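Q: based on what follows, work out the 3D shape:
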Amino acid sequence: MDLASQDQLDPVSIYYLNITELNSFRFDFNERCGFIFQCLGKNPFYLRGELEYQSFIEISKEDSKMCVDQIHSNNEQFSLNFQTLYVFNSNSQVGILSDQSDGSNRNTIIYIVTSIGLSFLLIIIFACFKCKKRASQVNNLFGNSSSMSQKITLIRQMNKFMPIQTFEELIRKFPGLSDDLCCPICLENYQQDHKIRVSYCTHFFHSDCLDLWIEKNEICPTCRSSLNYETLNKLTNTDNNDDGLYQNASSTKQISNYSSQKKIRLFGEHKSANSPAVPL
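A: Below you'll find the predicted structure:
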């Protein structure tokens, strides 16, 4: 009887499977059983074959081709007329749950559904990532708008109150500063054409170094005098520079010593690391 057309097998029957089309096959049983399943070309006396114990039988396309080639070879060599068959015999009554074609279709459907599901999952993950990144960019844009505005204002104040000049110009005006040979921020020696900013506390730095420094530290790198927006804005809007400096001085003694210490710092009579605020 044709194995492919059965759903229930009994031990007194012999079943065959025609493999002329070289298909792959699989049959799952409802329980584990002992059976003989082999190519007729390999062993025409199939009942003498080796008994196997498992809950399914399976044959690949390669197995089918080998069986067909063997049967054709035997037919030509011994003038036989065997058909291209696998034969099957079970030692107990079992039911067939599904054949290879159904299993293949089912596996194909599972594969397709799984692939589509994974594709949708990857798309969703990618979309969530893009949305999160976009939201982060928007939040950063709006979150930094006030600080960016303040930064621009600060740079304008710096350009107004601490204008950029060359090191050569600075030393020509204030020879007392010539002993400061390197920038306290980058520690690079000054060159004549280097661009310099001088703070109201008479310390000077490369303009690029100071601009970057003030983005994170609104204090003088040398003496820690305030260089924040409020301080520079107050100094910039003060008509009388001396009065403005007095307003930022921390003691009466600093105010009284302002003129002499300014000369010492700028024109080199003596150097003082704790000079009070001096307008430049």
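Q: let me know the outermost residue of this structure.
A: Centroid-distance maximum for the chain: Ser79 at 69.9 Å, with Cα atoms, centre = their mean.
Q: residue contacts, it?
A: By Cβ atoms under 8 Å, 6 or more residues apart in numbering, the contact list for Ser79 is empty. For glycine as for every other residue, the C-beta is placed from the backbone atoms N, C-alpha and C.
Q: from Gln70, how far out is it?
A: 16 Å (Cβ to Cβ, to the nearest Å).
Q: I'd like the average pLDDT over stretch 162-182.
A: Across stretch 162-182, the average pLDDT comes to 87.
Q: so which bits of it are buried?
A: Neighbour-count burial for stretch 162-182, counted by 16 or more other Cβ atoms under 10 Å, picks out 162, 164-165, 167, 170-171, 174, 176-177, 180.
Q: what about stretch 109-116, average pLDDT?
A: 78.
Q: got the CA positions of that stretch in PDB?
A: This file holds the C-alpha atoms of stretch 109-116, laid out as PDB (Å, rounded to 0.1, in the frame of the first residue of the first chain):
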ATOM      1  CA  ILE A 109       4.700  29.300   6.900                       C
ATOM      2  CA  ILE A 110       6.500  29.500  10.300                       C
ATOM      3  CA  TYR A 111       9.700  30.700   8.600                       C
ATOM      4  CA  ILE A 112       7.800  33.400   6.700                       C
ATOM      5  CA  VAL A 113       5.800  34.600   9.700                       C
ATOM      6  CA  THR A 114       9.000  34.600  11.900                       C
ATOM      7  CA  SER A 115      10.900  36.600   9.200                       C
ATOM      8  CA  ILE A 116       8.100  39.100   8.900                       C
END
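Q: tell me how far it is from the chain's mean position?
A: The offset between the C-alpha centroid of stretch 109-116 and the centroid of the whole chain comes to 28 Å, using Cα atoms, centre = their mean, to the nearest Å.
Q: which stretches of the stretch 51-200 of the chain have low pLDDT?
A: The stretch 51-200 of the chain contains residues with pLDDT under 70 at 98-108, 111, 134-151, 153-154.
Q: recalculate using a threshold of 80.
A: For the stretch 51-200 of the chain, the stretches with pLDDT under 80 are 98-111, 130-158, 160-161, 200.
Q: quick one: the helices in it?
A: 61-78, 100-143, 145-161, 167-173 (DSSP state H, counting those that start in this stretch).
Q: now for the first one, which elements pack on it?
A: Read it as helix 61-78. strand 25-39 (3 or more Cβ pairs under 8 Å, 6 or more residues apart in numbering; DSSP states H and E).
Q: tell me the strands beside the strand it packs on, with direction?
A: In the sheet, strand 25-39 lines up against strand 52-59 (antiparallel), strand 85-90 (antiparallel), strand 94-98 (antiparallel) (DSSP bridges).
Q: what is the end-to-end distance of stretch 10-18?
A: Start to finish, the residues bounding stretch 10-18 are 19 Å apart (Cα to Cα, to the nearest Å).
Q: for the closest residue to Lys61 other than its chain neighbours, grab phi and psi.
A: Distance criterion Cβ to Cβ, 6 or more residues apart in numbering; nearest residue to Lys61, sequence neighbours excluded, is Ser24 at 4.9 Å. Dihedral angles of Ser24 (phi, psi; degrees, to the nearest 10) stand at phi -100, psi 150.
Q: mind putting the buried residues of stretch 162-182 into a markdown table with distance to Pro44?
A: As requested, these are arranged in a markdown table below (distance: Cβ to Cβ, whole Å):
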| residue | distance to Pro44 |
| --- | --- |
| Met162 | 106 |
| Ile164 | 103 |
| Gln165 | 108 |
| Phe167 | 106 |
| Leu170 | 110 |
| Ile171 | 112 |
| Phe174 | 115 |
| Gly176 | 117 |
| Leu177 | 112 |
| Asp180 | 107 |
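Q: what's the most distant pair in those residues?
A: Longest distance between any two of the buried residues of stretch 162-182 is 20.5 Å, between Ile164 and Gly176; criterion Cβ to Cβ.
Q: now do the spatially most central residue of the chain against Leu118, distance only.
A: The centroid of the chain falls nearest to Phe129 when counting by Cα atoms, centre = their mean (10.2 Å). Applying Cβ to Cβ, the value for Phe129 to Leu118 is 16 Å.
Q: hang on, the earlier thing: highest mean neighbour count out of the strands paired with strand 25-39?
A: strand 85-90 (a mean of 21; mean count of other Cβ atoms under 10 Å).
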